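Visitor: Pasting a predicted model and its sequence here:
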Amino acid sequence: MAQRLALQRLLSLPARGPLASHGRALSTSAGRRSTFNVQDGSDFQDRVVNSPKPVVVDFHAQWCGPCKILGPRLEKLVAKLEGKVLMAKVDIDDHTDLAIEYEVSAVPTVLAMKNGDVVDKFVGIKDEDQLEAFLKKLIGA
């Protein structure tokens, strides 16, 4: 709850700098540029379904222990691919409609999407080798 309040305060601050007019600021780390939190259904459509790049979609929840392990592990591997794949994070408590639409029945659930279609998926936690294989299959490496 405290994190959510801090985020709301941060988002209410006036935008500054050269990116202020675009509504979204970019950070300097490659991991942050390739990983983003889905804001709503429209954002999901724009940044995931319509993405020219493959997208890994991490359906998670704040209360999910395995999600707290998998999320950072997956983010690190996506960052290592330097923009070849994007990662969208979807909190199922905030976006129940998306969880239902994509038939998420347990968390963590990770979808691999290309050209708006789900091409692969797994449920539960995976080790780094399994995640690397999942990502390589998605990008065709």
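Guide: It's in.
Visitor: Could I get the full set of helices for the chain?
Guide: Secondary structure of the chain by DSSP state H: the helices cover 2-12, 30-34, 41-44, 65-80, 96-101, 128-139.
Visitor: By mean pLDDT, show me the worst of these.
Guide: Note on these: lowest mean pLDDT is at helix 2-12, with a mean of 44.
Visitor: From what I see, residue 120 and residue 138 are in contact.
Guide: Yes. At 6.5 Å, residue 120 counts as touching residue 138 under the criterion of CB atoms under 8 Å. (Glycine included, C-beta is placed from N, CA and C.)
Visitor: Comparing the two, which residue is more hemmed in?
Guide: Taking neighbours as other CB atoms under 10 Å, residue 120 and residue 138 compare with residue 138 leading, 19 against 15.
Visitor: returning to that earlier point: the helices of the chain into a markdown table, with extra columns for distance to residue 114?
Guide: Conversion of the helices of the chain to a markdown table gives the following (distance: least, CB to CB, whole Å):
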| stretch | distance to residue 114 |
| --- | --- |
| helix 2-12 | 30 |
| helix 30-34 | 16 |
| helix 41-44 | 15 |
| helix 65-80 | 15 |
| helix 96-101 | 18 |
| helix 128-139 | 7 |
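Visitor: Those: which one's closest to residue 108?
Guide: Shortest distance between residue 108 and the helices of the chain, using CB to CB, is found for helix 65-80: 4.6 Å.
Visitor: In CSV, could you pull the C-alpha coordinates for the closest one?
Guide: What follows is helix 65-80 as a C-alpha-only set of coordinates in CSV (Å, rounded to 0.1, in the frame of the first residue of the first chain):
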residue,chain,number,x,y,z
GLY,A,65,5.8,-15.5,-3.4
PRO,A,66,6.9,-17.4,-6.6
CYS,A,67,6.1,-14.2,-8.6
LYS,A,68,8.6,-12.3,-6.5
ILE,A,69,11.3,-14.7,-7.4
LEU,A,70,10.4,-15.2,-11.1
GLY,A,71,9.8,-11.5,-12.0
PRO,A,72,13.3,-10.2,-11.3
ARG,A,73,14.9,-13.3,-12.8
LEU,A,74,13.0,-12.8,-16.0
GLU,A,75,13.6,-9.1,-16.1
LYS,A,76,17.4,-9.7,-15.9
LEU,A,77,17.3,-12.1,-18.8
VAL,A,78,15.1,-9.9,-20.9
ALA,A,79,17.5,-7.0,-20.2
LYS,A,80,20.5,-9.1,-21.4
